[in-house]
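[1] Model the following, please.
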Amino acid sequence: MSASSIGIVWNPSKIDEESLRSAVDAVFGADAAVQWWETSVEDPGRGMAADAVEAGCDIVIAVGGDGTVRAVAEALAATEVALGIVPQGTGNLLARNLGVPLDSIASALERVRDSTPQHIDVGWVDFDGQSRAFMVMVGFGIDAQMLVETNDDLKDRAGWLAYVEAMGRALSGTEMTDIMVTRDDEEPQEVRGHTMLIGNCGMLQGGIRLLPDAQLDDGLLDVLLLSSDGVLQWMDTVRSVVWDNGIRRLLTRGEDAVSTESTQHLTAERLQVELSQPLIFEIDGEEMGEITSFAVRVQPGALTVR
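    Predicted coordinates:
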């Protein structure tokens, strides 16, 4: 990598400043042009990343969890400033999907230093008068349990079994609702379900792929709609996630996600969703409160990553 101006946007609750500065000096050199911004509770990184762009940084490295990465990426979208990641959270979902080393600060920084820039898509969601970027997934329903409440250690150790366990706990807590979905330029369609995930990438902890066809640079968003109602349909959902779109797909190198009666896979560039009742909504694992409607869209190739 030629000489660049580097911005570091770091979350002080996730990493010790001294160890981070030491690693940055070791990888980029003590004389490297590095500027530092610390996130706050009020601003997880968007404002700091915007300041880094204004200061002329060529690369902005987000040091923290998925919230920090999402906030920094939002500010860098549609600029030529590249995003680097030093994952310090529990999920680290974008880092996982990009193949960033998770267990070594130095290795992650070396990836930023040595890698070839690539362009990936950015997802945007509009709700309650605001527009927010997302890099991984947005949605409602049992994703709160599958993506957030599932035991983190179990995710890493047991992989698929952790999500089966989470689905089992969700069985008694899901409530079917009417959903009006408008995909791209198609006519609105009314469906029933309890969970909808819309993703830019599909790999979770433990190597789980809830959205097996999702790619960061294909110009599409992938949609998973779950409508399991009763024990038999929940068994169908578990089979679809674990076997059809998981183990069997890996063994047979299948190309397309398999939909079933209770598990539907779609793709779209734009999606408008109207709910018949307020439901808790999440953006990249962050709870946003209850909403009754939202719209998502993809911005192809809008973010440069290293």
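
[2] And the helices in the stretch 1-150 of the chain?
    17-28, 46-54, 66-76, 93-98, 105-114, 143 (DSSP state H, counting those that start in this stretch).

[3] Could you check the first one and say which residues are buried?
    Okay, so that is helix 17-28. 20, 23-24, 27-28 (16 or more other C-beta atoms under 10 Å). From N, CA and C alone the C-beta is placed, and that goes for glycine too.

[4] What of the second one?
    Applying a neighbour-count criterion of 16+ other C-beta under 10 Å, the buried positions in helix 46-54 are 46-53.

[5] which other helices and strands contact that helix?
    If contacts are counted by 3 or more C-beta pairs under 8 Å, 6 or more residues apart in numbering; DSSP states H and E, helix 46-54 sits against strand 5-10, strand 33-38, strand 59-64, helix 66-76.

[6] could these go into JSON lines alongside mean neighbour count?
    What follows is the helices and strands packed on helix 46-54, written out as JSON lines (neighbours: other C-beta atoms under 10 Å):
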{"stretch": "strand 5-10", "mean neighbour count": "24"}
{"stretch": "strand 33-38", "mean neighbour count": "16"}
{"stretch": "strand 59-64", "mean neighbour count": "28"}
{"stretch": "helix 66-76", "mean neighbour count": "26"}
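
[7] Now tabulate the ones you listed in TSV and tack on distance to residue 298 and mean pLDDT.
    Shown next, in TSV, are these (distance: least, C-beta to C-beta, whole Å; pLDDT from 0 to 100):
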stretch	distance to residue 298	mean pLDDT
strand 5-10	24	98
strand 33-38	28	98
strand 59-64	21	98
helix 66-76	14	96
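
[8] Please name whichever of the ones you listed is nearest to residue 137.
    Among the helices and strands packed on helix 46-54, helix 66-76 comes nearest to residue 137, with 10.1 Å by C-beta to C-beta.

[9] Run the angle between that closest one and strand 59-64 for me.
    160 degrees (axes from the mean of the first three to the mean of the last three C-alpha atoms, to 10 degrees).

[10] Just the CA atoms of helix 66-76, as CSV, please.
    Output of helix 66-76 as CSV, limited to C-alpha atoms (Å, rounded to 0.1, in the frame of the first residue of the first chain):
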residue,chain,number,x,y,z
ASP,A,66,-20.9,-4.2,14.4
GLY,A,67,-22.4,-0.9,15.5
THR,A,68,-19.1,1.0,15.1
VAL,A,69,-18.5,-0.6,11.7
ARG,A,70,-22.1,0.2,10.5
ALA,A,71,-21.8,3.8,11.6
VAL,A,72,-18.4,4.4,9.9
ALA,A,73,-19.6,2.6,6.7
GLU,A,74,-22.6,4.9,6.6
ALA,A,75,-20.4,8.0,6.5
LEU,A,76,-18.1,6.5,3.9
